[in-house]
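> Here's a sequence, model it:
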Amino acid sequence: MLRRLVLLLIALVPATSATSATSAQALTLSQVDQSTPWPGIVITQYRTSDPATDVWVAEIDLCADHVRVEATGAPSSYQTASGWGSSTGVQLATNGDFYSSGPSVYGDAVGGALRWPLDQTGLDPSHASEWFYERHGWIAFGHDWVDFTHTEWVKQNAASFGIVDGWEPTVVASAPPLGTISLVSGFPELVVEGQVITCPSPTDSSCFPDRSDMRDRHPRTAMGLTADRQTFLLVVVDGRTAQSAGMYGAELADLMGQLGAYVAFNLDGGGSTQMWVDGPGTINNASGNNGGGGLRAVANHWGVFARADSGVPLRPAHCVAEPACQTIPPPGDILESDGPCAWLFGSDTWWREETAGYGGHLYWTNAFTSDEPSNWAWWQLQFEQAGEYLLQVWVDDTFGVYDNVRYEVVADGQSTVVYLDQGAAGGWRDLGSFQFTQGGAQFLAVYDNVAGSVPSDQHVVVDAISLTRLDAWCGDGTCDVGTGTEPDEDCFTCPADCPAGVEIPGNGIDDDCDGEVDEEDCGPDGCDAGVDEDADTDTDADATGLPGSDGGTTGDASGGGCNCSSAPAPGAWGVVLLWLLLFFMARRRTTGNQERADVEFEIPGNDREPARCGRARGGCAREAVAVGGSSGGVLRDRAHWIHPAAHARRAVGHRGGGRDGLDHR
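So this is what the prediction gives:
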C-alpha cells in the first residue's frame with residue numbers, strides 16, 4: 001500500500017558504483033487528495049517540495065473484483081489516453097511506451113492478447129542501429145499471472161544486483177510468455193527487485209547510462225509492481241510549468257521506491273504524460289506537460305477495467321493468489337462458453353449471445369478478411385495432472401457456418417493451429433489429441449480473421465469445449481503398467497486401481513500391502529493339500545505353513561490360505577526339524593563367480609513339482625515352467641532369489657500374469 005505523508009532519507013543499494021542519494025533525490029511527499037472511484041483503484045495526489053512538483057499515483061489491486069489490465073492493440077493511428085480509454089471502456093488509462101512513426105514503439109507490445117507485428121515494435125531488425133534497440137524491459141499480464149523482464153542494462157550488470165527474478169533474467173529483449181494478454185515496455189529500470197537505482201548526482205554522466213534524458217527534469221510516467229505481484233502502480237509527474245517542475249530520473253526512482261515498488265520502469269514522459277479517469281477525465285495537467293499544446297496522441301496505453309458494469313467478469317483477471325478458474329481433473333471436464341475460464345476479446349458491437357448450444361448458451365461473430373483478429377475468444381486450461389487429452393468443441397449447427405475456422409491450442413509450451421469446418425456437422429467436433437502438462441499457462445483460442453475473401457454471414461461459433469483423458473491414470477479402474485519414466489501402479493501408489501492381493505510366502509514381496517513381507521498363517525487347516533511336494537512320501541502331511549511342509553489347505557493364489565500370520569501348529573516341531581535338515585542337505589551350485597544354494601520346498605496346494613529357491617541376495621520370485629517340454633507336461637514352480645529393488649510389482653493381483661496367475665515378466 002502507499003506510504004503516505006512520509007519523509008524518507010534514502011539508504012539505497014547502489015546500481016553499480018553509485019553512492020547514496022543526494023538532496024536532489026530525497027523526496028518529501030505531501031498528500032493532497034485521495035479517492036477510490038471504483039473498488040480496486042485508489043488514486044492519490046501528492047505534492048513534493050524543493051522544487052514543487054505534482055504527482056498522481058494510481059494503485060491497482062489486482063485481486064479486486066472486476067479488475068483486468070488492458071493495453072493498446074497494434075494501432076493504425078495515434079490516440080490520447082482519454083480517447084483510447086473511453087473507446088475501450090476502461091476506467092483508468094495512461095500513456096505507455098516511447099513511440100515513433102508507424103505508429104510503432106521502442107520496445108515490445110501486446111494488446112488484447114495479440115502481440116504487435118514486428119515492424120511496429122523496436123524489435124524490428126530495421127532498428128538494429130538505433131540507440132534504443134533491445135534496451136527495454138516490460139510488465140506483462142496473463143490469466144491469473146503477472147510477470148516482468150529486466151532491461152538490457154540491468155541484465156548486462158546482473159551481478160551488481162544479484163537478480164534472480166523475472167521472465168528469462170539472462171535473455172536480453174526476451175519474448176513474452178505464451179498467453180500474454182497485455183504488455184507495455186519501458187526503460188530505464190528504476191527499481192530492480194527492491195533495489196532503487198541511485199546516483200552520485202542526478203545529473204552525473206554515470207546516472208542512468210542507458211538513457212541520458214533521465215539527467216534532466218521533465219514530466220514523467222512510470223509503472224511498477226509490488227513484490228507479491230498483487231498491486232500494479234501507474235504514476236504520472238507533471239512538469240515544465242510554474243506549478244510543477246518535473247523530476248530527474250533519480251527522483252522518479254526514489255518515488256517508486258517510496259510507493260513500495262519491487263520493480264519499476266520509466267515510460268514515455270514529457271508532453272506524453274497523461275492520466276485519464278472515467279468520469280473526471282484527464283486529471284493531471286497533460287496540456288501543460290505538452291507546452292500548452294493540448295493532449296498529445298500517443299501509440300500505446302495502459303488501461304484498467306474495474307467497474308462492475310464494464311462487461312468484464314467478476315473474477316479478477318490477473319490475481320496470482322486466486323484459485324484456478326477451473327481445474328480439469330484426470331478424467332477430463334467440460335468448460336462452458338460463459339464460464340470463468342472463457343474470455344471474449346474485441347468490441348461488444350460484433351458479438352452476439354444466444355440461448356442455444358451446449359447448456360443453452362453460445363456466442364457467435366462473423367468471419368472477416370484481416371491480418372489480425374478483431375473478435376475472438378479463448379479458454380484458459382488448468383490441469384490437475386499431465387496427460388494426453390482429446391480436445392473437442394461443441395458446434396450448434398444453426399449458428400456454426402464458416403468452413404475454415406482457425407483454432408490455436410497451446411499445450412505444454414507448444415502452439416498448434418487447427419482449422420475446422422463448423423458448418424459440416426453439429427455436436428462435439430474433434431480438434432485432436434494433445435499432451436498437456438500439469439498446471440496452467442495453456443489455452444484454446446478461436447479467431448475470426450481470414451487471409452482471403454469471405455462471403456457474408458459466415459458465422460463463427462464460440463461454445464463449450466470438452467477434454468477427455470486418453471492415456472492411463474490412477475483412478476481409471478485398471479492397474480496400469482508404467483511407460484517411459486512412469487512407474488507401474490501398485491497397491492501402494494494406486495490402491496483404487498490395484499487392490500491389495502494375497503500374500504505369497506517366500507517371494508520377498510509385500511503382496512497384500514500391509515507393510516510386512518512374507519508373513520505366514522495358514523489357518524486351522526494348514527497350508528497345503530494333495531501334493532507331496534517335498535518328496536517325503538507323505539502328501540500334505542504337515543500344517544506348519546513353512547516351506548517344505550504339507551497341510552490341508554491350498555497356499556497359492558487360487559486358495560484361501562497364507563494371507564495372515566501365526567506360529568506353526570501345535571505338535572509340528574518335528575516337521576520343523578525335518579525341514580531344517582532338508583535345508584542343510586540342499587545341493588549347492590556355483591553360477592559364474594556367485595555361489596548359490598537351491599532348496600526344493602513345498603508350494604502348498606498347487607499340485608506341482610517342488611519349488612526351488614536359490615539363496616542369493618534379495619527376495620524370492622516365482623516363474624512357471626513346463627516339465628517334459630509339451631503342453632501336457634506338469635507345471636513346476638521355480639523360485640529364485642532376486643534383489644528387492646528388482647521387484648517392480650507384486651506377484652499376484654496384476655493383469656498380464658502367467659498361466660498360474662502370477663506375474664511372470
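> Could you say which helix or strand holds residue 334?
Residue 334 is part of strand 332-335, with elements assigned from DSSP states H and E.
> Report the buried residues of stretch 72-92.
72-75, 78-85, 88-92 (16 or more other C-beta atoms under 10 Å). All C-beta spots, glycine's among them, are computed from the backbone N, C-alpha and C.
> So which of those residues belong to helices?
Judged by DSSP state H, the buried residues of stretch 72-92 include 81, 82, 83, 84, 85, 88 as members of helices.
> does the first one really touch residue 276, like I thought?
Yes. The criterion here is C-beta atoms under 8 Å, and residue 81 meets it with residue 276 at 4.4 Å.
> what sits in contact with each of the two?
Residues touching both residue 81 and residue 276 comprise 93, 94, 282, with contact defined as C-beta atoms under 8 Å, 6 or more residues apart in numbering.
> Throw the residues you listed into TSV and include distance to residue 116, thanks.
Putting these into TSV (distance: C-beta to C-beta, whole Å) gives the following:
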residue	distance to residue 116
93	18
94	18
282	25
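> now residue 479, what's its secondary structure?
Classification of residue 479 using DSSP: H, G, I helix; E, B strand; the rest coil returns coil.
> Quick check: it touching residue 492?
No. At 11.9 Å, residue 479 does not count as touching residue 492 under the criterion of C-beta under 8 Å.
> Who has more neighbours out of those two?
A count of neighbours by other C-beta atoms under 10 Å puts residue 479 above the other of residue 479 and residue 492, at 23 against 12.
> For the more buried one, give me the pLDDT.
Looking at residue 479, its pLDDT stands at 88.
> go on, the one 3 residues further on?
The predicted local distance difference test score for residue 482 is 80.
> Now for it, how many residues are close by?
Using other C-beta under 10 Å, residue 482 is surrounded by 14 other residues.
> Compute the first-to-last residue distance for stretch 171-178.
End-to-end distance for stretch 171-178, by C-alpha to C-alpha, to the nearest Å: 16 Å.
> now swap in stretch 309-323 and tell me
23 Å.
> Buried residues in it, which are they?
Quick answer for stretch 309-323 (16+ other C-beta under 10 Å): 310, 312, 313, 315, 316, 317, 318, 319, 322.
> Kindly give the local confidence score, pLDDT, for residue 61.
Here the pLDDT value assigned to residue 61 is 98.
> same question, the one 5 residues further on
Residue 66 carries a pLDDT score of 96 in this model.
> quick one on the thing from earlier: save the buried residues of stretch 309-323 as CSV, and put in secondary structure and distance to residue 151 too.
Formatted as CSV, the buried residues of stretch 309-323 follow (DSSP: H, G, I helix; E, B strand; the rest coil; distance: C-beta to C-beta, whole Å):
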residue, secondary structure, distance to residue 151
310, coil, 33
312, coil, 31
313, coil, 33
315, coil, 32
316, coil, 28
317, coil, 26
318, coil, 22
319, coil, 26
322, coil, 29
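> Provide a list of residues in contact with residue 172.
Residue 172 makes contact with 134, 152, 155, 156 under the criterion C-beta under 8 Å, 6+ apart.
> swap the cut-off to 7 Å and go again
The contact partners of residue 172, taken as C-beta atoms under 7 Å, 6 or more residues apart in numbering, are 134, 152, 155.
> got it, and residue 268?
Applying C-beta under 7 Å, 6+ apart to residue 268 gives the contacts 95, 96, 97, 98, 99, 221, 298.
> Residue 110 now?
Contacts for residue 110 (C-beta under 7 Å, 6+ apart) come out as 71, 116, 140, 176, 180, 182, 183.
> and what of residue 380?
Taking C-beta under 7 Å, 6+ apart, one finds 143, 325, 341, 440, 443 in contact with residue 380.
> That one: helix or strand, and which one exactly?
Taking DSSP H and E as the definition, residue 380 sits inside strand 376-383.
> partners of that strand, with directions?
Using DSSP bridges, the strands paired with strand 376-383 are strand 327-328 (parallel), strand 342-345 (antiparallel), strand 439-447 (antiparallel).
> can you put these in TSV and add mean pLDDT?
Listed next are the strands paired with strand 376-383 as TSV, based on pLDDT from 0 to 100:
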stretch	mean pLDDT
strand 327-328	96
strand 342-345	93
strand 439-447	94
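> Quick one, which of the ones you listed gets closest to residue 502.
Closest to residue 502 of the strands paired with strand 376-383 is strand 327-328 (C-beta to C-beta; 37.3 Å).
> on that earlier part again, okay, the contacts of residue 268 in a markdown table with distance to residue 435, pLDDT and secondary structure next?
As requested, those are arranged in a markdown table below (distance: C-beta to C-beta, whole Å; pLDDT from 0 to 100; DSSP: H, G, I helix; E, B strand; the rest coil):
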| residue | distance to residue 435 | pLDDT | secondary structure |
| --- | --- | --- | --- |
| 95 | 42 | 98 | strand |
| 96 | 37 | 98 | coil |
| 97 | 37 | 98 | coil |
| 98 | 41 | 97 | coil |
| 99 | 41 | 97 | strand |
| 221 | 43 | 98 | strand |
| 298 | 43 | 98 | strand |
